[in-house]
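In: Build the 3D model from these lines:
(one chain, ligands or ions: 2)
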Amino acid sequence: MKTKFQAIKGMNDLLPEQSAVWQKVEHLLRRLMQQYGYGEIRMPIVEKTALFKRSIGEVTDIVEKEMYTWTDRNDDSLTLRPEGTASCVRAGIEHGLLYNQQQKLWYMGPMFRRENPQKGRYRQFHQLGVEAFGFNGPDVEVEQILLTRRLWQEIGIANDVTLHINTLGDPESRKVYREILVEYLQSNFEQLDEDSKRRLESNPLRILDSKNPKLQSIIESAPKLEDHLDDESKEHFESFKGLLDGMGVSYVVNPRLVRGLDYYNRTVFEWMTDKLGAQGTICAGGRYDGLTEQLGGQSTPACGFAMGIERIIALAEETEFGQNVSNASDIYLIAIGSVAEKKAFNIAEEIRTLFPSLRLSMNFGGGNFKKQFKKADKSGARLALILGEDEVANESCGVKFLREEKPQESMSWDSIADTIKNYFQLLDR
Ligand code: ATP
Ligand code: MG
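Out: Ligands and ions are numbered 1, 2, ... in the order given. Just a heads-up that it's a prediction; the model follows:
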């Protein structure tokens, strides 16, 4: 029996018809990064397992059950990156980018988490990560929010997303709160679910983030972190909100927003949508002032976010921005007979030189007139150029506007360039 190979569950092929929208979104993201003064950093996809354990936290979903980890031949434990912040900080420390400096960095690429695949949740997925180092104030956080707001506006999904914000305070005040919370949850122990019972010791704040409907009333009446914040964090949060107000950014203060990774402090935020079912968070981040030191560097204030590209694409596909994007050809070059087939190369190359932005496909593999026209139509091209022996002899070319009810014309080679220029400019490319 022949073995038929299939992609690994939760890891997807991206076909040309989908990649066109991806390219458009990625192009926009790169432009935004440039506009806001962020520089690209590219890190390896594999890191030492300990890096993720130390940064993300031992008792998080990611580290407990989602990482792809294996032992290398020299007994190193290695892991496919589940997120980018840890690698980015590691690279920043390693190359001396962080200490006493201000850095604004971004990266984009695949991340790996062994989750239950479903719509909007995959095992290989893609993130844009944006990280700013060396900035203390809430101003840089606000700029990151403005950057994302601009993105939603340009994609046309600004009305479909809501900004949720919260502050986690400093590590000391969180510790005090944690004890109060554990005490409260312990007194309601019997009503907790298995996950929460397990987290009670290790990561009780995460219980607040539980989606289990049976826990909602316990969570509602739990002591609030905001009642235990340190004064500086409170002030920081107030000026963060003030700057957002000043820029007309609407938001919801969501005291239950705690984020799934251990390294956050003070400001955290998530952009959410109700257009994607359960997978509603499209972008999430916050401040992580302690992480660089935790990973062996000098203490460096930092804040950043990661955006799930698959979820952004899913939203974009419903808007004008994401529609009618394709890799279809613009021009299809039909050639009948060996003389014309040979000449077609010259014409094709010349057009490509003159109009680098146009997509030109040549007909390969011969075929009669009818067959080639069919292929031209299927290619998506709007213009077909037709070359036969007679045309080559008198240096002309048949021109057919494939999407219009116009008869085929004949044109001299000299005038093809102008025709192409006018036609495609007419369509405002
Ligand atoms: P979730 O609560 O959806 O599991 P998370 O808190 O684990 O998200 P982060 O680690 O903050 O997610 O990652 C940032 C963003 O990356 C998420 O908001 C989401 O848009 C996207 N993302 C995370 N995990 C996946 C996944 N498995 N598949 C697709 N996108 C994902
Ligand atoms: Mg997750």
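
In: where does the closest residue to residue 336 other than its chain neighbours fall, phi/psi-wise?
Out: Closest residue to residue 336 apart from its sequence neighbours, by Cβ to Cβ, 6 or more residues apart in numbering: residue 388 at 4.4 Å. C-beta coordinates here come from the backbone N, C-alpha and C atoms, glycine included. Reported as degrees, to the nearest 10, the phi and psi values for residue 388 are phi -130, psi -170.

In: give the contact list for residue 388.
Out: Taking Cβ atoms under 8 Å, 6 or more residues apart in numbering as the criterion, residue 388 is in contact with 335-337, 340, 398.

In: Tell me which of those fall in helices.
Out: residue 340 (DSSP state H).

In: Give me the buried subset of the contacts of residue 388.
Out: When the contacts of residue 388 are checked for burial by 16 or more other Cβ atoms under 10 Å, the buried set is 335-336, 340, 398.

In: Let's verify the residue nearest to residue 39 when sequence neighbours are not counted: helix, strand, or coil?
Out: Distance criterion Cβ to Cβ, 6+ apart; nearest residue to residue 39, sequence neighbours excluded, is residue 105 at 6.0 Å. Following DSSP: H, G, I helix; E, B strand; the rest coil, the label given to residue 105 is strand.

In: Touching, residue 105 and residue 134? I think so.
Out: No. Using Cβ atoms under 8 Å, residue 105 is not in contact with residue 134; the gap is 10.9 Å.

In: the more surrounded of those two?
Out: Neighbours of residue 105 and residue 134, each counted by other Cβ atoms under 10 Å, are more numerous for residue 105; the result is 24 against 18.

In: For the more buried one, name its beta-bridge partners.
Out: residue 39, residue 131 (DSSP bridges).

In: Taking this structure, what residue is nearest to ligand 1?
Out: residue 308 (2.3 Å; Cβ to the nearest ligand atom).

In: and that residue, what are its phi and psi?
Out: When read as degrees, to the nearest 10, the backbone of residue 308 gives phi -90, psi 110.

In: so what's it bridging to?
Out: Going by DSSP bridges, residue 308 forms beta bridges with residue 127.

In: List the residues that contact it.
Out: Here residue 308 is in contact with 120, 125-127, 281-283 (Cβ under 8 Å, 6+ apart).

In: Flag the shaky bits of the stretch 251-400 of the chain, pLDDT-wise.
Out: 260-261 (pLDDT under 70).

In: got the residues of the stretch 201-350 of the chain near ligand 1?
Out: 260, 279, 281-284, 306, 308, 310-311 (Cβ under 6 Å from any ligand atom).

In: one more time with 8 Å
Out: The stretch 201-350 of the chain has residues 259-261, 270, 279-285, 305-312 near ligand 1, with proximity defined as Cβ under 8 Å from any ligand atom.

In: Out of these, list just those in helices.
Out: 309-312.

In: can you pick the most crowded of those?
Out: residue 312 (26 neighbours).

In: Hmm, residue 282 and that residue touching each other?
Out: Yes. Counting by Cβ under 8 Å, residue 312 touches residue 282, with 5.9 Å between them.

In: so what's residue 106 up against?
Out: So residue 106 contacts 33, 38-41, 128-131 (Cβ under 8 Å, 6+ apart).

In: May I ask which two of the residues you listed are separated the most?
Out: Between any two of those, the greatest separation by Cβ to Cβ is 13.8 Å, found for 39 and 128.

In: Can you pick out the residue with more neighbours from the two?
Out: Neighbour count, other Cβ under 10 Å: between residue 39 and residue 128, residue 128 has more, with 24 against 11.

In: ok, that one touching residue 310?
Out: No. Contact criterion Cβ under 8 Å: residue 128 and residue 310 do not qualify, at 11.4 Å.

In: Could you count how many residues lie near residue 83?
Out: Neighbour number of residue 83 under other Cβ under 10 Å is 19.

In: For it, list the residues it contacts.
Out: By Cβ under 8 Å, 6+ apart, the contact set of residue 83 is 52, 56, 62, 111, 127, 129, 261, 306.

In: what's the residue closest to the geometric middle of the chain?
Out: residue 309 (2.6 Å; Cα atoms, centre = their mean).

In: Report how many residues lie close to the residue nearest to that one when sequence neighbours are not counted.
Out: In this structure, residue 309 finds its nearest non-sequential neighbour in residue 126, 4.0 Å apart by Cβ to Cβ, 6+ apart. Residues lying near residue 126 (other Cβ under 10 Å) number 19.

In: mind listing what residue 126 touches?
Out: So residue 126 contacts 108-111, 308-310 (Cβ under 8 Å, 6+ apart).

In: Could you tell me which residues of the stretch 51-200 of the chain lie near ligand 1?
Out: 61-62, 82-83, 111, 113, 115, 117, 120-123, 125-127.

In: Most widely separated two among these?
Out: 61 and 126 (19.0 Å).

In: ok so, going back, redo the buried ones among the contacts of residue 388 as CSV? Include distance to residue 290.
Out: Shown next, in CSV, are these (distance: Cβ to Cβ, whole Å):
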residue, distance to residue 290
335, 66
336, 71
340, 70
398, 70
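
In: Closest to residue 411 out of those?
Out: Among these, and counting by Cβ to Cβ, the member closest to residue 411 is residue 398, at 7.8 Å.

In: what's the burial count for the closest residue to the closest one other than its chain neighbours?
Out: In space, and not counting its chain neighbours, residue 398 is closest to residue 386: 3.2 Å by Cβ to Cβ, 6+ apart. The local packing of residue 386 (other Cβ under 10 Å) involves 24 other residues.

In: So residue 169 sits against residue 224, correct?
Out: No. The criterion here is Cβ under 8 Å, and residue 169 misses it with residue 224 at 11.4 Å.

In: and those two? which has more neighbours close in?
Out: Counted by other Cβ under 10 Å, residue 169 and residue 224 do not tie: residue 169 has more neighbours, with 24 against 14.

In: Just the buried residues of the longest helix seen in the chain, please?
Out: Using DSSP H, we find that the single longest helix of the chain is helix 16-35. Across helix 16-35, burial judged by 16+ other Cβ under 10 Å covers 20-22, 24-26, 28-29, 32-33.

In: next one: stretch 73-89
Out: Result for stretch 73-89 [16+ other Cβ under 10 Å]: buried residues 78-89.

In: now stretch 41-60
Out: Of all the residues in stretch 41-60, those buried under the rule 16+ other Cβ under 10 Å are 41, 43, 46-47, 49, 51-57, 60.
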